[in-house]
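In: below is the sequence, then the predicted model.
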Amino acid sequence: MKTHQTDFSEGNVYRNILELSIPMTLAQLLNLLYNVVDRMYIGRIPETGRIALTGVGICFPIITMIMAFTYLYGNGGSPLCAMELGRENEEEAEKLLGNTFSMLLMTSVVLMAVGYLFYKPILYAFGASDTTYVYAGAYIQIYLIGTPFVMISLGLNPFINCQGFGNMGMLTILIGAALNIVLDPIFIFVFHMGVRGAALATILSQFCSAVWVLKFLTGKKVTLRIRKEAMQIEWKRVRAIMALGVSGFMMQFTNGLVQIFCNATLQIYGGDIYVGVMTVLNSVRDIATMMVHGLTNGASPVMSFNYGEKAYDKVKKAIKFVTVVCFSYALFVWGIIKIAPEFFIRIFNSEPALLEKGVPALHIYFFGFCFMALQFTGQCVFVALGKAKRATFFSIFRKVIIVVPLTVLLPRIGGLGVDGVFWAEPISNLVGGSACFFTMLLTILPELKQKQN
């Protein structure tokens, strides 16, 4: 693949965003295949597919929380790196890359060790029953081995993108996803390894992606390289990385927190079948938000670079472009899910019981889905421009202050039961998404206007 580097200081800002966003959206699609392909194959294991899928779904909060630390460093360091490149300070940008790599390595080892010590009580606390624990435990024991691989590949990939190598960033994900698609059916069905086979396929794929990232970031094609001398941790720099990355961390961590409360509440009001429904809903949501993630991830380094270069008019154009595209796309997706809900559920499992419970839940969960795009857009702008406190607040506001209490309280109101758990999501999208987006407009646009004048 040709190594193309986008120069953020030249040309049309819309073109620059698309040059990164298109490969990064494809990368999001490929990254999605890591987990979705697992779930598709697991849901089709003869006789035990639905229970096995439910068991693996209980592991999602653990996987999500591991990903949160990946965002803490990768999504914190890369915007700072892009700003320093905009200021032509390559030495500081390279130190940010080196410190991020060191923190990813150390944290991954700690998380793997803690996971192995406590995974059994954690899984039961997260909604496992004696039936589903068999599958959840088998999956997570193997998945935890790959913690360093996933954190390195996904945590360092933003540093490829922030240097303008969108195609190379996409290739990072392509390598792992393609391997996962090939290895999953071999390990699950040919070698009869079941959920263990799915986990093994995932960590082998992640290992190959991590090797690719390290090879590219130590090679000659990049502006910034991983150097031993830049890896020496300086806590002032690490604090700056974490201060900006904490919003992405909280967004992922609170996603995991919500999954825990949802699974535990659904276990009380509906049992294993509804925990399985939530596994499917989370999977459909991953598919639905794929393009929004790709666009905002592609726009973020462009905005960061132009903000550092004081090209404030380009930043305003980028905000407008991301808002229009994200909202329009989310509105379109909501319509498709409304028209064909069974199609999305059948991707993972076709059991009549799951379809019967899943279709009404899907309609509730995705009601007003377009407002989710406002949250992503607001968060993207805050992070890209280094507004860490605001980004962090709105991550916590939507999930912790709105979703978690509603998940616990709504099932007890008016006999809503399990439906109350599903209604918590659209309510939080409307309230939290609108609050985040309009606060961004009211604070960022006047600031950019003032700086421009």
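Out: All right, it came through fine. Numbers count the residues shown, from 1 in each chain.
In: any buried residues in stretch 137-152, and which?
Out: Buried positions in stretch 137-152, judged by neighbour count with 16 or more other Cβ atoms under 10 Å: 137-140, 142-152. C-betas here are computed from N, CA, C, even on glycine.
In: er, stretch 444-453 I mean
Out: Buried, per 16+ other Cβ under 10 Å, within stretch 444-453: 444, 448.
In: identify the residues contacting that stretch?
Out: 310, 312, 313, 315, 316, 319, 381, 382, 385, 387 (Cβ atoms under 8 Å, 6 or more residues apart in numbering).
In: correct me, but residue 207 touches residue 147?
Out: No: between residue 207 and residue 147 there is no contact under Cβ atoms under 8 Å: 11.2 Å.
In: need the overlap of contacts for those two.
Out: What both residue 207 and residue 147 touch, as defined by Cβ under 8 Å, 6+ apart, is an empty set.
In: what is the rounded mean pLDDT of stretch 90-105?
Out: If you average the pLDDT over stretch 90-105, you get 96.
In: okay, it in PDB with CA atoms only?
Out: Extracted in PDB, the C-alpha atoms of stretch 90-105 (Å, rounded to 0.1, in the frame of the first residue of the first chain):
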ATOM      1  CA  GLU A  90       9.000  17.700  16.700                       C
ATOM      2  CA  GLU A  91      11.200  17.000  19.800                       C
ATOM      3  CA  GLU A  92       8.400  17.500  22.200                       C
ATOM      4  CA  ALA A  93       6.000  15.500  19.900                       C
ATOM      5  CA  GLU A  94       8.400  12.600  19.900                       C
ATOM      6  CA  LYS A  95       8.700  12.600  23.700                       C
ATOM      7  CA  LEU A  96       4.900  12.500  24.000                       C
ATOM      8  CA  LEU A  97       4.900   9.400  21.700                       C
ATOM      9  CA  GLY A  98       7.700   7.800  23.800                       C
ATOM     10  CA  ASN A  99       6.000   8.500  27.200                       C
ATOM     11  CA  THR A 100       2.600   7.200  25.800                       C
ATOM     12  CA  PHE A 101       4.300   3.900  24.700                       C
ATOM     13  CA  SER A 102       5.900   3.400  28.200                       C
ATOM     14  CA  MET A 103       2.600   4.000  30.000                       C
ATOM     15  CA  LEU A 104       0.700   1.600  27.700                       C
ATOM     16  CA  LEU A 105       3.300  -1.100  28.300                       C
END
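In: now it, how far from the centre of its chain.
Out: For stretch 90-105, the separation from the chain centroid amounts to 22 Å (computed by Cα atoms, centre = their mean, to the nearest Å).
In: flag every buried residue along that stretch.
Out: Buried-residue list, stretch 90-105, by 16+ other Cβ under 10 Å: 92-104.
In: residues touching that stretch, excluding its own?
Out: Against stretch 90-105 from outside (Cβ under 8 Å, 6+ apart): 70, 73-74, 76-78, 80-81, 84-85, 148, 151-152, 155-156, 159, 217, 223-227, 229-234, 237-238, 241.
In: out of the buried residues of stretch 137-152, list just those in helices.
Out: Within the buried residues of stretch 137-152, residues falling in helices by DSSP state H are 137, 138, 139, 140, 142, 143, 147, 148, 149, 150, 151, 152.
In: can I assume the first one is in contact with residue 123?
Out: So the one you mean is residue 137. Yes: Residue 137 lies in contact with residue 123 (Cβ under 8 Å); the separation is 6.3 Å.
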